[in-house]
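1. Sequence and computational prediction follow.
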Amino acid sequence: MERKDEAEEAKSKVSVIETWLRKHRLLYVGATRHPFIHSIRDGSVDISSFKRWLEQDYIFVRAFVPFVATVLLKAWKESFDATDMDVILSGMASLNDEFAWFNKEASKWGVSLTNVAPQKANLDYCRFLESLMSSEVEYTVAITAFWAIETVYQDSFAHCLEDGSNTPEELRDTCQRWGNDGFGQYCRALQSIAEHHLEKASDDVRKRTEAAVLDVLEYEVAFWNMSQGDT
Ligand SMILES: Cc1ncc(CO)c(N)n1
């Protein structure tokens, strides 16, 4: 067989992440087109489910911040590209705004965010995040899991804002939070960082990263199920 020149090979090569998304399509769709998301998009959403999601997600994001802090730390130690840190730091900054948003949203719905008991699916997911915070977990694994966590929300909530959606007015703000174009660009920036590190990773690290992405998708499905009360 003739050897393709490098530029052509790069063009026709499917990225690692794209390969995984194709291979695990059903699970990815399950996480991003969940019945809870469909119910927001078609306007049939049960408001008590939405409130449960809001309370539980606040707890999740509290645990997500220290996870992102460890990703930032790993970027500083393990990445030679300074833009990695810039992207992660911008994500942390938007998490700061997110807490203000959660408080505003909670008061709009008459929900209290203090003294909420985390439900099992949430505890399981937070425990998984904590396992990724270990210094033994490579940067490639952590940054790719980070990309997957953000992307599930981006893809899910952007779906609720597409033409033809019937999302109730009072839920549009929530969908905008993760479904807006800026958040989409941020997710693509995370994807390109993750991809860059995956291209250089050993087979072992790649395998463990793929497993972590699958875990994220499964925890996300369980999280939506919990919001709908199906635990
Ligand atoms: C459960 C969950 N997954 C992802 C995100 C995105 O930050 C979030 N807020 N909550």
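-> Right, received. Where do you want to start?
2. tally of neighbours for the closest residue to the ligand within the chain?
-> Residue of the chain nearest the ligand, by C-beta to the nearest ligand atom: residue 153 (3.8 Å). For the C-beta atoms, the positions are set from N, CA and C on the backbone; glycine is no exception. Residue neighbour count, defined by other C-beta atoms under 10 Å, stands at 20 for residue 153.
3. can you give me phi and psi for the nearest residue to residue 141 once chain neighbours are set aside?
-> In space, and not counting its chain neighbours, residue 141 is closest to residue 209: 4.8 Å by C-beta to C-beta, 6 or more residues apart in numbering. For residue 209, the backbone dihedrals (degrees, to the nearest 10) come out as phi -70, psi -40.
4. Number of residues surrounding residue 209?
-> 26.
5. Offset the numbering so it begins at 48, please.
-> In the new count, where the first residue is 48, that last one comes out as residue 256.
6. Show the contacting residues for it.
-> By C-beta atoms under 8 Å, 6 or more residues apart in numbering, the contact set of residue 256 is 187, 188, 191, 192, 245, 248.
7. how about those residues in a markdown table, adding neighbour count?
-> Shown next, in a markdown table, are these (neighbours: other C-beta atoms under 10 Å):
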| residue | neighbour count |
| --- | --- |
| 187 | 25 |
| 188 | 24 |
| 191 | 30 |
| 192 | 23 |
| 245 | 21 |
| 248 | 19 |
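8. which one of those residues is nearest residue 60?
-> residue 245 (12.4 Å; C-beta to C-beta).
9. Now do the same for the helix or strand where the closest one lies: mean pLDDT, whole number.
-> Element membership for residue 245 (DSSP states H and E) is helix 228-247. Taken as a whole, helix 228-247 carries a mean pLDDT of 97.
10. How about that helix, which residues are buried there?
-> 230, 233, 234, 236, 237, 238, 240, 241, 242, 243, 244, 245 (16 or more other C-beta atoms under 10 Å).
11. can you give me how far that helix is from the chain middle?
-> In terms of C-alpha atoms, centre = their mean, to the nearest Å, the centre of helix 228-247 is set 12 Å apart from its chain centre.
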